[in-house]
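*Asks:* The following comprises the amino acid sequence and a computationally predicted model.
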Amino acid sequence: MTPSLLIVDDEKTQREGLRAALEDHYDVYLAEDAKAAMELLEKDHFDVLLTDFRLPNEDGMKLISRAKSLSKPPICILMTAYGSEDLAVEAMKRGADDYIPKARLQIDELEMRIARALRQQKLETENVSLHQQLDSKFNVAQVIGESPAMRTVLDVVQQVAPTQATVLLLGESGTGKELIAKVIHQLSTRARQPMVTVNCAGLPATLLESELFGHEKGAFTGAHERRIGRVEQAQGGTLFLDEIGEIDASIQIKLLRFLGERTFERVGSNKTLMADVRLIAATNKDLEERVKAGAFREDFFFRLRVVEIGLPPLRERPEDIPLLAQNFLKEFAHINNKTVASFTPDVMELLMRFSWPGNVRQLRTAIEHAVVFSRSDRITMRDLPPWVRSGADTNASSPANAILSKGDLTVEEAEKELIIRALKETGGNRTLAAKKLGLSRRTLHRKLHLYHLEGF
């Protein structure tokens with residue numbers, strides 16, 4: 001991916017001259033003062049900030065200090081016509097990575113310094129990333145669990161991870177599809193390159209296309225600068241597309257081409273670009289049914305399912321619940337400065353019998369709640385959320401289990417029936433129904449739309 005460079009200088013001739021000299025090797029952006037520069041820096045990540053010392057209202061060193069406080073700070077190089085050794089030292093104290101006097105500014109030397117700084121930054125980033133990945137690998141078995149169902153999943157993951165195959169992850173919401181995607185990336189030959197995640201359900205088609213493939217300046221109203229898309233950001237690494245079942249047909253066509261040729265165009269450009277990216281996709285939808293309904297392209301579906309991995313819901317692997325619960329307990333006890341370290345037997349029994357319609361994510365939420373309200377070194381019944389403590393769906397004769405036990409119902413049909421029952425029992429109160437189901441109100445709203453129950 002081409003490095004991005006932001007040049008800040010109040011002299012237009014200097015700005016344009018540097019752009020012309022550097023744009024063959026960098027995506028160059030321009031700003032005439034610190035305010036305009038910070039607006040760009042806060043909107044998008046830049047690899048390099050090249051700023052003059054003398055700027056209107058705020059000098060270059062203050063701009064560098066602010067830039068270095070960002071979550072992903074750029075490499076910062078200070079230019080000045082008023083060079084001195086003291087100024088160079090002060091610039092380094094403020095966070096500058098390099099310093100160059102304008103009086104002896106040579107483009108070849110500037111390019112060499114930028115390239116050297118980028119190489120150093122890449123090495124440091126890779127070192128941090130490697131440590132994080134190793135830490136994750138040592139903990140991932142505990143987080144996922146050791147049930148036969150999950151061991152089967154992990155066996156497939158270990159086999160497919162070192163390959164370049166596209167992977168499609170299937171499973172209900174909250175089953176850990178993103179975690180499995182991260183494990184595949186960490187165990188792959190691309191582990192030292194970025195993993196970029198896109199939630200496809202959160203954006204309309206026009207914005208999703210720009211998010212994925214980027215856009216050129218002027219491509220549409222509000223496109224004031226060129227933007228690098230997630231595909232380019234994932235160069236050499238992994239692109240994880242979550243909720244792939246929600247995307248528009250027009251985006252399916254573009255992704256189909258990308259999967260076949262690894263080529264794409266930014267919005268507003270006819271220039272064909274290439275990206276070496278591995279794709280992992282995930283969905284909680286039945287894509288085969290969506291293909292039959294004409295809502296999902298069959299050719300795109302076949303491209304995605306080179307390797308298909310189904311994640312079992314938590315109710316089908318209850319033996320993992322104690323291990324997961326203990327892990328979450330340890331995590332939230334540490335975060336909240338609590339000494340709680342275990343569960344009373346009746347609590348663990350209840351956790352094991354609960355059906356967990358929201359899967360691992362819902363269990364995690366319940367344990368966080370319990371830790372926050374804990375009063376001793378053990379989680380007791382009174383610490384659990386009311387919707388768990390009531391145990392409404394934990395005995396075999398409960399309405400929920402009666403529905404789920406019907407062999408002629410699909411998971412989707414059973415879920416729809418549970419939602420209808422909860423709404424009837426709460427008189428149509430969606431807040432109470434969501435609480436009864438162990439869902440957030442936002443999730444319930446999405447499911448009402450999914451099952452065409454908005455008017456209920």
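*Replies:* That came through, no problem.
*Asks:* Need phi/psi at the one residue sitting closest to the centre of the chain.
*Replies:* When the chain is reduced to its mean C-alpha position, the closest residue under C-alpha atoms, centre = their mean turns out to be T197, at 4.0 Å. When read as degrees, to the nearest 10, the backbone of T197 gives phi -110, psi 140.
*Asks:* For it, give me the pLDDT.
*Replies:* Each residue has a pLDDT score; the one for T197 is 93.
*Asks:* tell me the contacts of it?
*Replies:* 178, 181, 240, 242 (C-beta atoms under 8 Å, 6 or more residues apart in numbering). (Each C-beta comes from the backbone N, C-alpha and C, glycine too.)
*Asks:* Just the buried subset of the residues you listed, written out for PyMOL, thanks.
*Replies:* Filtering those down to the buried ones (16 or more other C-beta atoms under 10 Å) takes a single PyMOL command:
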select buried, resi 181+240+242
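*Asks:* and of the contacts of T197, the nearest to A20?
*Replies:* Closest to A20 out of the contacts of T197 is F240 (38.0 Å), distances taken as C-beta to C-beta.
*Asks:* Relative to R290, how far out is the closest one?
*Replies:* Distance of F240 to R290, given as C-beta to C-beta, to the nearest Å: 20 Å.
*Asks:* sorry, back to before: and the residue nearest to the centre of the chain, bridged to which residues?
*Replies:* Beta-bridge pairing for T197 (DSSP bridges): F240.
*Asks:* still on that earlier bit, among the contacts of T197, which one sits closest to I335?
*Replies:* Distance to I335, by C-beta to C-beta, is smallest for E178 among the contacts of T197, at 20.1 Å.
*Asks:* And the strands in the stretch 151-300 of the chain?
*Replies:* Using DSSP state E, counting those that start in this stretch, the strands of the stretch 151-300 of the chain run over 167-170, 195-199, 238-242, 263-264, 273-274, 278-283.
*Asks:* and if you look at the stretch 351-456 of the chain?
*Replies:* Using DSSP E, counting those that start in this stretch, the strands found in the stretch 351-456 of the chain span residues 378-379.
*Asks:* Quick check: which ranges of it have low pLDDT?
*Replies:* Within the stretch 351-456 of the chain, the stretches with pLDDT under 70 are 391-414, 438, 455-456.
*Asks:* For the nearest residue to L241 once chain neighbours are set aside, list the residues it contacts.
*Replies:* Among residues not flanking L241 along the chain, A281 sits closest, at 4.6 Å (C-beta to C-beta, 6 or more residues apart in numbering). Neighbouring residues of A281 by C-beta under 8 Å, 6+ apart: 166-169, 240-242, 244, 304.
*Asks:* what's the closest of these to P318?
*Replies:* Each of the contacts of A281 was checked against P318 using C-beta to C-beta; the closest is L169, at 21.7 Å.
*Asks:* Can you tell me how far the closest one is from D52?
*Replies:* Relative to D52, L169 is positioned 49 Å away (C-beta to C-beta).
*Asks:* just to revisit the earlier point, tell me which of the strands of the stretch 151-300 of the chain lies nearest to L70.
*Replies:* That would be strand 195-199 among the strands of the stretch 151-300 of the chain, by C-beta to C-beta, at 18.4 Å.
*Asks:* Now do that closest one against strand 278-283, angle only.
*Replies:* 30 degrees (axes from the mean of the first three to the mean of the last three C-alpha atoms, to 10 degrees).
*Asks:* Next, the buried residues of strand 195-199.
*Replies:* By 16+ other C-beta under 10 Å, the buried positions in strand 195-199 come out as 195-198.
*Asks:* So which of L169 and D52 has more stuff around it?
*Replies:* Per other C-beta atoms under 10 Å, whichever of L169 and D52 has more neighbours is L169, with 28 against 22.
*Asks:* wait, that one sits on N284?
*Replies:* No. Checked against C-beta atoms under 8 Å, the pair L169 and N284 is beyond contact range at 9.7 Å.
*Asks:* Now G237. Nearest residue, chain neighbours left out?
*Replies:* Nearest residue to G237, sequence neighbours excluded (C-beta to C-beta, 6+ apart): Q193, at 3.4 Å.
*Asks:* Now do the contacts for the one you found.
*Replies:* By C-beta under 8 Å, 6+ apart, the residues touching Q193 are 234-238.
*Asks:* Which pair of the residues you listed spans the longest distance?
*Replies:* Within those, Q235 and T238 form the most distant pair, 10.6 Å apart (C-beta to C-beta).
*Asks:* Looking at those two, which is more packed in?
*Replies:* A count of neighbours by other C-beta under 10 Å puts T238 above the other of Q235 and T238, at 23 against 17.
*Asks:* pretty sure that one contacts R278?
*Replies:* Yes. Using C-beta under 8 Å, T238 is in contact with R278, at 4.9 Å.
*Asks:* Overlap of the contact sets of the two?
*Replies:* Overlap of the contact sets of T238 and R278 (by C-beta under 8 Å, 6+ apart) consists of 188, 190.
*Asks:* And what about P56, helix, strand or coil?
*Replies:* Going by DSSP: H, G, I helix; E, B strand; the rest coil, the secondary structure assigned to P56 is coil.
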